[in-house]
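Visitor: Dropping a prediction and its sequence here:
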Amino acid sequence: RWLTTGPDLVLHGQGRRNPEVRAGTWTATPQTDETSCRAEVVDVVAAGETSPPETHAADPGQPLTLELNDHMFTATLGGYCLWQRG
C-alpha cells in the first residue's frame, strides 16, 4: 500500500533492481471527493530502452484501477489517494 498526499511519488518497478512496486492490478482510492488519482507509468521495452510515459487519471472522487506489468521501470503516483494492489 502507498498513500500519496502531496508531491508526486516516484516508485521503481520490477524492470529495475530493488523494486518498490510489484506487478498486478492496482487501485487508487481518492481520500476526498475533490481528489483525482493519477499515475504515469514507464516500462522497459528492450535493454537500455524505456517506453514513453503512459498517463492514467480518474475523474475527481472516482477510483483509478490500472494494471502494472513486470517490466515496469517507474510509476509516478499523484493525488491524495490510497494505492493498493489487489
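Guide: Happy to help now that I have it. Numbering: from 1, shown residues only.

Visitor: quick check, distance from stretch 44-56 to the centre of its chain.
Guide: 14 Å (C-alpha atoms, centre = their mean, to the nearest Å).

Visitor: Which helix or strand lies directly C-terminal to the strand ranked longest in the chain?
Guide: For the chain, the strand with the greatest residue count under DSSP state E is strand 38-46. The helix or strand immediately downstream of strand 38-46 is strand 49-50, counting by DSSP states H and E.

Visitor: Stretch 45-57: which residues count as buried?
Guide: His56 (16 or more other C-beta atoms under 10 Å). C-beta coordinates here come from the backbone N, C-alpha and C atoms, glycine included.

Visitor: Quick one: residues in contact with that stretch.
Guide: Here stretch 45-57 makes contact (C-beta atoms under 8 Å, 6 or more residues apart in numbering) with 36-44, 64, 66, 71, 73, 76.

Visitor: For these, pick the one with the most neighbours.
Guide: The member of the contacts of stretch 45-57 surrounded by the most neighbours (other C-beta atoms under 10 Å) is Cys37, with 28 neighbours in all.

Visitor: so what's it up against?
Guide: 4, 28-30, 57-58, 63-64, 77-79, 81, 83.

Visitor: phi, psi of it?
Guide: Torsion angles at Cys37 (phi, psi; degrees, to the nearest 10) stand at phi -80, psi 140.

Visitor: cool, His71 as well?
Guide: Residue torsions, per degrees, to the nearest 10, at His71 are phi -110, psi 10.

Visitor: Sticking with Ala75, tell me its helix or strand.
Guide: Counting by DSSP H and E, Ala75 is found in strand 72-78.

Visitor: Tell me the buried residues in that strand?
Guide: For strand 72-78, the neighbour count (16+ other C-beta under 10 Å) marks 72-78 as buried.
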